[in-house]
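Engineer: output the structure for:
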Amino acid sequence: MSRQPNRSISPQGLSRSIRSFAETFGSAASVAAAIESGRRPSGADLKRLGIDPTAFAGVRVF
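Structural biologist: Numbers count the residues shown, from 1 in each chain. Purely as a prediction, here's the structure:
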C-alpha cells in the first residue's frame, strides 16, 4: 500500500491564507463602496484585486 503525501497546512500557512482572504474581501468591499458613492477607489485596493489603477481611471462608472 502506498503512502499518501502529507497535505496538512501549517498553522502559519492557515493564518496567512485567512489574512489574505480577509484583505482581498475587504478591498472588494472598499472598491464597491467607493464606486457606489461616486468616489474613485484607492489604487492599493484595486491592485490587490488585480485591477490596474491607471486602466480603471478610464472606466466610466454610472
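
Engineer: show me the helices in this structure, by range?
Structural biologist: Per DSSP state H, the chain carries helices over the ranges 11-36, 43-48, 53-57.

Engineer: quick one: closest of the ones you listed to R3.
Structural biologist: Among these, the nearest to R3 by CB to CB is helix 11-36 (21.4 Å). Placement of C-beta: from N, CA and C, glycine included.

Engineer: average model confidence for the closest one?
Structural biologist: Helix 11-36 carries an average pLDDT of 95.

Engineer: quick check: closest non-adjacent residue to the most centrally placed residue in the chain.
Structural biologist: The chain has T24 as the residue nearest its centroid, 2.3 Å off, counting by CA atoms, centre = their mean. Distances taken as CB to CB, 6 or more residues apart in numbering put R48 closest to T24, at 6.2 Å, once the chain neighbours are dropped.

Engineer: against S8, how distant is the one you found?
Structural biologist: From R48 across to S8, the span is 28 Å (CB to CB, to the nearest Å).

Engineer: need the helices of the chain in CSV (columns: distance to R3).
Structural biologist: Formatted as CSV, the helices of the chain follow (distance: least, CB to CB, whole Å):
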stretch, distance to R3
helix 11-36, 21
helix 43-48, 39
helix 53-57, 48
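
Engineer: any idea which of those helices is most buried?
Structural biologist: helix 43-48 (a mean of 16; mean count of other CB atoms under 10 Å).

Engineer: V31 and K47 touch, don't they?
Structural biologist: No: if you go by CB atoms under 8 Å, V31 and K47 don't touch, sitting 10.7 Å apart.
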